[in-house]
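K.L.:
fold the following.
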Amino acid sequence: MKEFKKHIKKIVSLSEEEWDILKNGFKKISYSKGDLILSEGEHCDFIGFVETGLFRFYIIKEGNEKTTDFWFPLDFFSDYRSFLTNTPSNYNIEAMRSGTIWKLKRAYMHKHYEESVNFNKLGRIIAEQIFLMKSLRLDSFLIDSPKERYLKLLNKDPNILQAVPQYMIASYLGITPESLSRIRKRI
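P.N.:
Modelled structure (predicted):
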């Protein structure tokens with residue numbers, strides 16, 4: 001909880017009373033490799049914060065998994081579309097390594113928005129961070145080569161190759177596993 005509090009303090013300065021209210025809303029949950037945090041068809045009613053581990057966001061289309069995001073320690077995450085619209089998710093969130101996340105339910109967050117400008121600020125900044133991650137990912141697909149996207153992923157977590165099968169990394173990069181093999185041989 002100490003590290004989590006330190007990270008929140010970087011975002012917004014909360015009084016001790018506000019921190020107590022906020023921490024009561026977050027639930028710490030540990031997951032094992034392979035556990036699903038969200039399954040397709042469920043409503044995503046939470047914002048998560050990765051304390052430890054590695055998590056992926058994927059969809060199954062025509063029987064094939066398409067990985068669209070990886071989340072690392074200190075990342076906020078959600079199926080934000082499902083979260084905002086209160087509609088079923090088309091995606092799954094899976095633990096790729098054992099890890100711990102902090103979950104905050106939408107209802108709790110919205111209830112406390114009314115009580116504190118700082119809670120509103122925190123919610124806005126978390127939403128901005130989630131949007132920025134998605135926006136940077138889209139930009140990368142439009143601007144970067146597959147090799148550049150691969151190098152950026154390795155820069156975030158050099159050990160990802162041990163935790164994630166090659167076909168998932170290839171899917172995330174928008175290429176075939178064979179193309180990923182060629183990129184890896186050239187590096």
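K.L.:
buried residues in stretch 127-141?
P.N.:
For stretch 127-141, the neighbour count (16 or more other CB atoms under 10 Å) marks 127, 130, 133, 140 as buried. (Each C-beta comes from the backbone N, C-alpha and C, glycine too.)
K.L.:
check which element follows the helix or strand in which the first one is found along the chain.
P.N.:
Translated: residue 127. Using DSSP states H and E, residue 127 sits in helix 117-143. Under the assignment DSSP H and E, the closest C-terminal helix or strand after helix 117-143 is helix 146-156.
K.L.:
how far off helix 117-143 does that next one point, in degrees?
P.N.:
Between the axes of helix 146-156 and helix 117-143, defined by axes from the mean of the first three to the mean of the last three CA atoms, to 10 degrees, the angle is 140 degrees.
K.L.:
alpha carbons of helix 146-156, as PDB, please.
P.N.:
The C-alpha coordinates for helix 146-156 follow below in PDB (Å, rounded to 0.1, in the frame of the first residue of the first chain):
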ATOM      1  CA  PRO A 146       7.100  -3.100 -36.700                       C
ATOM      2  CA  LYS A 147      10.800  -3.200 -35.700                       C
ATOM      3  CA  GLU A 148      10.500   0.100 -33.900                       C
ATOM      4  CA  ARG A 149       7.300  -1.100 -32.100                       C
ATOM      5  CA  TYR A 150       9.200  -4.200 -31.100                       C
ATOM      6  CA  LEU A 151      12.100  -2.200 -29.700                       C
ATOM      7  CA  LYS A 152       9.700   0.100 -27.800                       C
ATOM      8  CA  LEU A 153       8.100  -3.000 -26.200                       C
ATOM      9  CA  LEU A 154      11.500  -4.400 -25.200                       C
ATOM     10  CA  ASN A 155      12.400  -1.100 -23.700                       C
ATOM     11  CA  LYS A 156       9.300  -1.200 -21.500                       C
END
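K.L.:
state the mean pLDDT of that helix.
P.N.:
Averaged across helix 146-156, the pLDDT comes to 93.
K.L.:
so which elements touch that helix?
P.N.:
helix 117-143, helix 160-163, helix 166-173, helix 177-186 (3 or more CB pairs under 8 Å, 6 or more residues apart in numbering; DSSP states H and E).
K.L.:
no more questions from me, cheers.
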